[in-house]
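Novice: fold the following.
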Amino acid sequence: MRCPVVVGRDSEFSALTALVDASRAGAGGWVTVSGEAGVGKSRLVAEVADFAGSAGVAVHAGRCSAADTLTPYRPIAEALLSAAGETGPPATAALRAFKPAVARFVPHWRTGDEVVLSESPAVIGESVIRVLSWLTGGRGLLLVLEDMHWADAETLAVCDYLADHAAGTAIGVVATARTGEGPGQLAELIGRTGSIVLRPLSQEQVAEMAVACLDALPSASVMSLLDRAASGLPLLVEDLLEYGQGGSERFDRLVRQRLEGLPAASRRVVVAAAMLGEDVDAAQLAVVCGASGAEVSEAIAAALGAQLLIQGAPGAVAFRHALTRDAVLACSAADRAAVAARAAAVIDEAGSPDAATRAAELWAEAGDRRRAALAWQRAAVAADAAGAPATALRSWRNAVAAAPSRGPRLEMELGLLAHLSASGPLDEAIDLGGRLLDDVAHRPDLEREVRKQLARSCLAAGRPDEAADQLAQLPAGSAGAAPGADQLVLAARLALQRGGGERRLEAEHLAHQAVAEAGQADQPELVCEALDIVARCARSRRLEDASAALRRALAVADSRGLAGWRLRALNELGTVEMLAAADGTAWSAPWTRP
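Specialist: Coordinates of the predicted model:
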């Protein structure tokens with residue numbers, strides 16, 4: 001049963017439609033609708049979306065998912081895909097710089113040569129605003145971001161930017177979140193933006209809702225049931241009116257009754273759907289349940305009749321509400337154990353980095369810690385590649401925790417150490433590296449890697465003496481082998497950090513050696529890092545030499561798609577040009593701003 005009207009939300013509806021009107025006038029903004037599960041957040045926002053559509057305002061939505069809380073930018077990607085539709089990428093010069101940051105979310109916009117100048121939330125956020133404004137022709141846009149209590153750190157960082165800058169655009173953002181859930185980042189965002197808190201309905205409003213649902217006055221026994229069991233939550237009011245005394249307990253009991261009333265085959269399908277996510281492909285369900293397509297169709301029909309599932313996109317099903325899915329997962333331990341491994345295998349087989357986190361959780365539930373650790377490792381590597389260090393750090397930590405024995409755990413800890421030395425926290429990197437030295441004491445190859453990562457972390461933390469100590473203790477390589485490019489780069493950075501004329505010359509000499517070694521070993525990132533050191537050393541002597549080294553680093557970064565090093569080279573070239581202008585050096589920096 002679904003109430004034909006929204007009851008008790010007049011002032012909230014007016015506030016949100018005012019945001020829609022403001023977006024049409026080019027003065028959008030951000031409003032978060034919060035409240036407990038089942039209080040009617042999504043229903044209210046759906047009504048506002050209908051209002052916006054009838055007013056000629058474009059509406060695009062994205063949803064965070066409890067099944068996948070570590071995929072960076074998930075709701076933003078969904079909204080951009082919806083907004084882009086079949087439209088090709090922008091060709092205007094004004095948007096050229098913003099296209100790469102958005103093309104990652106829109107597959108048919110990708111050409112393979114995009115270079116994102118920065119992974120910062122400001123760059124991604126501004127790119128989203130510019131491209132969405134272009135897609136909607138400035139006529140007004142309502143961007144709906146649902147279930148933000150499950151948002152990843154990168155999404156929240158970009159939303160923080162959107163909340164600050166939507167006011168001067170034709171974009172109105174409405175987010176939903178459960179009260180008291182989600183990270184502190186979300187609470188801060190809600191605290192400094194427009195906020196609407198939905199409270200449970202009053203007894204009078206519940207009665208009004210019951211009349212609207214039944215199109216008649218409810219009996220005294222029905223009202224007694226609603227007063228006792230609904231707790232003023234519209235979702236429970238609807239379900240209790242539909243199922244009467246069968247819903248006299250809280251919502252989870254109601255779902256349990258529906259689930260237990262299904263045939264065993266249908267129950268397995270519903271449980272498998274809950275484990276796979278919120279929107280589930282029917283073909284996947286057949287594989288997970290080991291059933292034929294016809295059997296799954298019959299099971300889905302039974303679940304639809306019990307109002308556990310609803311019809312989703314073509315060939316897919318979804319849960320009626322997040323509460324339904326939560327309740328199924330809470331009351332089906334035996335059924336879950338039977339299908340966890342099959343569900344994990346299905347997700348793993350897809351090979352999508354976005355699904356790696358869910359696969360890891362399912363492998364853990366199935367008791368296969370080795371596969372869980374490997375899935376977390378894949379998720380971490382994908383997050384690092386996507387420029388999402390906070391997500392990568394959580395995934396690496398989960399991989400370490402899931403590892404079943406000393407060998408796999410050491411592999412995961414080495415990956416975590418490499419991440420920490422590059423992205424921090426540096427104190428954690430130094431602490432972990434120190435502990436790992438005991439584990440690799442009899443393995444010179446691994447000890448070399450740990451000490452180099454420790455040296456890198458100490459240099460980044462401004463502790464050159466400790467870095468020097470780690471480099472001095474590097475185990476000898478194979479007989480006659482020259483130091484590798486990474487070791488040369490670290491030695492050059494150490495000399496540069498210690499300062500002084502002779503040290504600077506030493507650093508430049510070592511960096512030139514590192515450029516040659518890294519080029520021969522096809523290590524483009526080390527080539528760029530070494531050329532950056534060369535430029536820093538040359539800058540105090542001859543600006544033209546510094547410019548030449550940076551232009552070479554920029555060319556390598558461009559050719560190998562190294563967005564971070566491209567941005568760094570451009571920034572340093574700008575500094576060189578500024579210094580040349582300041583001291584009147586008679587040369588023109590031979591490079592062109594993009």
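Novice: use CA for all of it now, contacts and neighbours both
Specialist: OK.
Novice: count of neighbours near residue 222?
Specialist: Using other CA atoms under 10 Å, residue 222 has 17 neighbouring residues.
Novice: so it is in which element?
Specialist: According to DSSP states H and E, residue 222 maps onto helix 220-229.
Novice: now that helix: mean pLDDT?
Specialist: Helix 220-229 carries an average pLDDT of 85.
Novice: low-confidence regions, the stretch 251-400 of the chain specifically.
Specialist: Residue ranges of the stretch 251-400 of the chain with pLDDT under 70: 351, 353-354.
Novice: actually the chain, not the one I typed
Specialist: The chain contains residues with pLDDT under 70 at 112-119, 243-250, 351, 353-354, 477-482, 582-594.
Novice: need the residue closest to the centroid of it.
Specialist: Central residue of the chain (CA atoms, centre = their mean): residue 72, 1.5 Å from the mean position.
Novice: distance of that residue from residue 293?
Specialist: 33 Å (CA to CA, to the nearest Å).
Novice: if we can go back for a sec, so is the residue nearest to the centre of the chain in a helix, a strand, or just coil?
Specialist: Here residue 72 is coil, with the state taken from DSSP: H, G, I helix; E, B strand; the rest coil.
Novice: if I look at it, how far off is residue 8?
Specialist: 36 Å.
Novice: returning to what we had before: now the helix holding residue 222, how far from the centre of its chain.
Specialist: How far helix 220-229 lies from its chain's middle: 43 Å, per CA atoms, centre = their mean, to the nearest Å.
Novice: pull the contacting residues for the nearest residue to residue 316 once chain neighbours are set aside.
Specialist: Spatially, and ignoring its direct neighbours in sequence, residue 316 is nearest to residue 281 (4.3 Å; CA to CA, 6 or more residues apart in numbering). Neighbouring residues of residue 281 by CA atoms under 8 Å, 6 or more residues apart in numbering: 315-317.
Novice: which one (most neighbours) among those?
Specialist: Neighbour counts for those peak at residue 317, which has 21 neighbours (criterion: other CA under 10 Å).
Novice: who's in contact with that one?
Specialist: For residue 317, the contact set (CA under 8 Å, 6+ apart) comprises 279-282, 309-311.
Novice: those, buried ones only, as a PyMOL selection?
Specialist: The PyMOL selection below is limited to those of the contacts of residue 317 classed as buried (16 or more other CA atoms under 10 Å):
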select buried, resi 279+280+281+282+309+310
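Novice: in JSON lines, list the contacts of residue 317 along with distance to residue 178 and secondary structure.
Specialist: Below are the contacts of residue 317 laid out as JSON lines (distance: CA to CA, whole Å; DSSP: H, G, I helix; E, B strand; the rest coil):
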{"residue": "279", "distance to residue 178": "20", "secondary structure": "strand"}
{"residue": "280", "distance to residue 178": "23", "secondary structure": "strand"}
{"residue": "281", "distance to residue 178": "27", "secondary structure": "strand"}
{"residue": "282", "distance to residue 178": "29", "secondary structure": "helix"}
{"residue": "309", "distance to residue 178": "22", "secondary structure": "strand"}
{"residue": "310", "distance to residue 178": "22", "secondary structure": "strand"}
{"residue": "311", "distance to residue 178": "25", "secondary structure": "strand"}
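Novice: looking at the contacts of residue 317, which is nearest residue 252?
Specialist: The nearest member of these to residue 252, counting by CA to CA, is residue 309 at 14.9 Å.
Novice: nearest residue to that closest one in space, please, no chain neighbours.
Specialist: Residue 309 sits nearest to residue 319 (CA to CA, 6+ apart), 4.6 Å away.
Novice: could you do residue 68 as well?
Specialist: Using CA to CA, 6+ apart and skipping the chain neighbours, the partner closest in space to residue 68 is residue 358 (5.8 Å).
Novice: please report the distance of the one you found from residue 337.
Specialist: Using CA to CA, residue 358 is found at 15 Å from residue 337.
Novice: gap between residue 105 and residue 494?
Specialist: From residue 105 across to residue 494, the span is 40 Å (CA to CA).
Novice: any chance of the backbone angles for residue 315?
Specialist: Here is the backbone geometry of residue 315 (degrees, to the nearest 10): phi 80, psi 10.
Novice: wait, what's in contact with it?
Specialist: When contacts are counted by CA under 8 Å, 6+ apart, residue 315 is found next to 281-283.
Novice: residue 393 now?
Specialist: For residue 393, the contact set (CA under 8 Å, 6+ apart) comprises 380, 416, 419-420.
Novice: which ones among those residues are found in strands?
Specialist: Judged by DSSP state E, those include no members of strands.
Novice: filter the residues you listed to the buried ones?
Specialist: Buried by 16+ other CA under 10 Å: 380, 416, 419-420, out of these.
Novice: and of those residues, the nearest to residue 187?
Specialist: residue 380 (25.8 Å).
Novice: just checking, the closest one touches residue 395?
Specialist: Yes: Residue 380 lies in contact with residue 395 (CA atoms under 8 Å); the separation is 4.9 Å.
Novice: what count of nearby residues applies to residue 367?
Specialist: Counted with other CA under 10 Å, residue 367 comes out at 14.
Novice: typed the wrong thing, it's residue 123
Specialist: When neighbours are defined as other CA under 10 Å, residue 123 has 17 of them.
Novice: what helix or strand does it sit in?
Specialist: With elements taken from DSSP H and E, the one containing residue 123 is helix 121-135.
Novice: partner strands of the very next helix or strand once past that helix and their direction?
Specialist: Going down the chain from helix 121-135, the next helix or strand is strand 141-146, by DSSP H and E. Here strand 141-146 is paired, per DSSP bridges, with strand 58-63 (parallel), strand 171-178 (parallel).
Novice: and of these, who's closest to residue 559?
Specialist: Here strand 58-63 is closest among the strands paired with strand 141-146 (CA to CA), at 34.0 Å.
Novice: buried sites along the helix or strand just after that closest one?
Specialist: Once the chain leaves strand 58-63, the next helix or strand it forms, by DSSP H and E, is helix 74-84. Of the residues in helix 74-84, 74-81, 83-84 count as buried by neighbour count, 16+ other CA under 10 Å.
Novice: returning to what we had before: can you tell me which of the strands paired with strand 141-146 is packed in deepest?
Specialist: strand 171-178 (a mean of 26; mean count of other CA atoms under 10 Å).
Novice: what is the orientation angle of it with helix 121-135?
Specialist: 120 degrees (axes from the mean of the first three to the mean of the last three CA atoms, to 10 degrees).
Novice: next one: strand 171-178 to chain centre, how far?
Specialist: 17 Å.
Novice: could you list the residues in contact with it?
Specialist: Residues outside strand 171-178 that contact it (CA under 8 Å, 6+ apart): 19-20, 22-23, 26-37, 41-42, 45, 129, 133, 140-149, 163, 166.
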